[in-house]
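Student: Any chance you can model this:
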Amino acid sequence: MIRAGKLYTKALAWRQSLFLFENARAARGKRAALNNRPAGEPDKRTICTMNVAQTRTFRQPSIAALSPLRRVSKRCPCPVCGKPSWCSIAADESRAICMRRASERPTRNGGWLHLLRFDASPSRARNGTSPPRSQTSPPTPVPRADVGRLDAVYSQFLKLLPLEPEHRHDLHRRGLSDGQIARIGFASTPSRAVAASVVEQLAPLGLGGVPGFYRECRDWRMVGTFKGYFVPYRDAQGRICGLQYRLEQPIDDAKYIWLSSATDREGRARDGGSSSGSPVHFARPDLLAGASEVTITEGGLKSEIISALIEQPVIAAAGVTTFGNSFAAQLRQCCPQLRRTVIAFDADLWQKPQVFAALERLAAQLEHERFAVRVRTWPKQFKGFDDYLLAQLRGEEVAA
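Tutor: Presented below is the predicted three-dimensional model:
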């Protein structure tokens, strides 16, 4: 048996030598032919190099052509072993490299490849077929959900959250009663643990396209919240179409920011997330049907306070420049009985040219839709119309 093995080894070595000799002779013949090729004939060496490169690309199982890998974490543990470290998972969750549980496909880093979906097979790269776009594209935000689903999710969301005593006290200070606070639907922002529990209860309602929520590793999550409370924005039918934070500590001088989930803080897209947009808010929309006059101001919370103090419907945008060019036309369409509008922007409009310009644009489009337009003014010692009304209610001295 030993002699036979030695003879077999020698025969194999002789065959390999003969193969190399034949290849070398063929190569010398090709070089000789190239020296005598007719003018204009392409260089066969170039063609040969291209064919070899193409053959290598064809044969090599290019896993890199699929979705990139990323490290597992506590939020996104390994789907194979369940551990939050050492392993990797594809961004599209099509495959994972587990460092603890073996498979039939060992990897160079000492782990094992596990295909989580049938369409993640490396043969898709080997046979020249590109994987579907949805597997290779990075996570992208989705269009905002319709207002019916936004209202269903946000209404349940606010019901699941309490209103902290300090936030209730702040709303009392601004002139709202407990009954008005409950009707409007204010709620304090949740901690991370509370948010995770709330999201589990909201997931059956469908969170795709609902600003404030996004998908990570098959699970729905809520964006990190800031300390403060939520102010709901409602449309003319009273449906919640957006949420705004009222921050305890301003961020870049901003006290109000939208609950949104299109991108993270580094500007990277979130899977299933959506932008909040900048919807217009209707305070006391139940009073619109019988109203002939409406007040227009800036800020959802401010509009609710003004509406509670004057017992009339009030409309507000997040900022004076966000009403949009079609606001007056949409107002005429949804409220055909309205005749008069009262614009009550903050008192600093006389010191800020951009605010005064926004007021002129809004007044022009309202007049174009045949609304009578008036501009409400008050003593400069009060910034907003709500501050002025509250001072009158409490009997404070108001300078003429």
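Student: Scan this protein for its longest strand.
Tutor: strand 240-251 (DSSP state E).
Student: I'd like the next helix or strand past it.
Tutor: strand 254-258 (DSSP states H and E).
Student: Got the phi and psi for Gly82?
Tutor: As for Gly82, its main-chain torsions (degrees, to the nearest 10) stand at phi 80, psi 10.
Student: Test for you: state the pLDDT assigned to the residue most central in space within the chain.
Tutor: The chain has Ala262 as the residue nearest its centroid, 1.7 Å off, counting by Cα atoms, centre = their mean. Turning to Ala262, the model gives it a pLDDT of 90.
Student: My read is that it contacts Asp271, right?
Tutor: No: the pair Ala262 and Asp271 fails to qualify as a contact (Cβ atoms under 8 Å) at a distance of 10.8 Å. C-beta coordinates here come from the backbone N, C-alpha and C atoms, glycine included.
Student: can you list contacts of the longest strand of the chain?
Tutor: 147, 150-151, 154-155, 157-158, 185, 189, 211-212, 225-235, 254-259, 276-279, 300-301, 318 (Cβ atoms under 8 Å, 6 or more residues apart in numbering).
Student: Can you give the strand pairings for that strand, parallel or anti for each?
Tutor: strand 228-234 (antiparallel), strand 254-258 (antiparallel) (DSSP bridges).
Student: Helices along the stretch 101-250 of the chain, start to end?
Tutor: 123-126, 133-136, 147-159, 165-173, 178-184, 192-202 (DSSP state H, counting those that start in this stretch).
Student: Single out the most deeply packed of those helices.
Tutor: helix 147-159 (a mean of 18; mean count of other Cβ atoms under 10 Å).
Student: And that helix, what does it pack against?
Tutor: helix 192-202, strand 228-234, strand 240-251 (3 or more Cβ pairs under 8 Å, 6 or more residues apart in numbering; DSSP states H and E).
Student: what's the angle from the first one to helix 147-159?
Tutor: Relative orientation of helix 192-202 with respect to helix 147-159: 140 degrees, computed using axes from the mean of the first three to the mean of the last three Cα atoms, to 10 degrees.
Student: Could you list the alpha-carbon positions for helix 192-202 in CSV?
Tutor: Extracted C-alpha coordinates of helix 192-202, given in CSV (Å, rounded to 0.1, in the frame of the first residue of the first chain):
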residue,chain,number,x,y,z
ARG,A,192,-36.7,55.0,27.9
ALA,A,193,-38.1,52.1,29.8
VAL,A,194,-41.7,53.4,29.7
ALA,A,195,-41.4,54.2,26.0
ALA,A,196,-40.4,50.6,25.3
SER,A,197,-43.4,49.3,27.1
VAL,A,198,-45.7,51.8,25.4
VAL,A,199,-44.4,50.9,21.9
GLU,A,200,-45.2,47.2,22.5
GLN,A,201,-48.8,48.1,23.2
LEU,A,202,-49.0,50.5,20.2
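Student: In space, what's closest to Ala329 - neighbours in sequence excluded?
Tutor: Closest residue to Ala329 apart from its sequence neighbours, by Cβ to Cβ, 6 or more residues apart in numbering: Glu369 at 6.0 Å.
Student: doesn't Ser326 make contact with the one you found?
Tutor: No: under the criterion of Cβ under 8 Å, Glu369 makes no contact with Ser326, lying 10.1 Å away.
Student: who has more neighbours, the two?
Tutor: Taking other Cβ atoms under 10 Å, Glu369 and Ser326 do not tie; Glu369 has more neighbours (15 against 10).
Student: Now that one. Its backbone dihedrals?
Tutor: phi -90, psi 10.
Student: And it, how close does it get to Trp220?
Tutor: With distances taken as Cβ to Cβ, to the nearest Å, Glu369 is found 41 Å from Trp220.
Student: same check, this time on Gly111
Tutor: For Gly111, the distance to Trp220 (Cβ to Cβ) stands at 29 Å.
Student: for Asp286, same thing?
Tutor: Taken as Cβ to Cβ, the span from Asp286 to Trp220 is 33 Å.
Student: more crowded one of those two?
Tutor: Higher neighbour count among Asp286 and Trp220: Trp220, with 18 against 11, using other Cβ under 10 Å.
Student: residue contacts, the more buried one?
Tutor: Val199, Leu202, Ala203, Leu207, Phe213, Tyr214, Gly272.
Student: what pairs with it across the strands?
Tutor: Beta-bridge partners, per DSSP bridges, of Trp220: Arg215.
Student: gap between it and Trp258?
Tutor: 19 Å.
Student: Low-confidence stretches in the stretch 251-400 of the chain?
Tutor: Residues of the stretch 251-400 of the chain meeting the criterion pLDDT under 70: 396-400.
Student: re the thing from before, out of the helices of the stretch 101-250 of the chain, which is closest to Pro79?
Tutor: Closest approach to Pro79 among those (Cβ to Cβ): helix 133-136, 16.2 Å.
Student: Can you pull the domain assignment for this structure?
Tutor: Taking automatic domain parsing as the domain assignment, the ranges for the chain are 66-136, 141-277, 280-400.
Student: got the contact list for the closest residue to His167 other than its chain neighbours?
Tutor: Closest residue to His167 apart from its sequence neighbours, by Cβ to Cβ, 6+ apart: Tyr229 at 4.3 Å. Residues near Tyr229 by Cβ under 8 Å, 6+ apart: Leu163, Glu164, His167, Asp170, Phe186, Ala187, Ser188, Thr189, Tyr245, Arg246.
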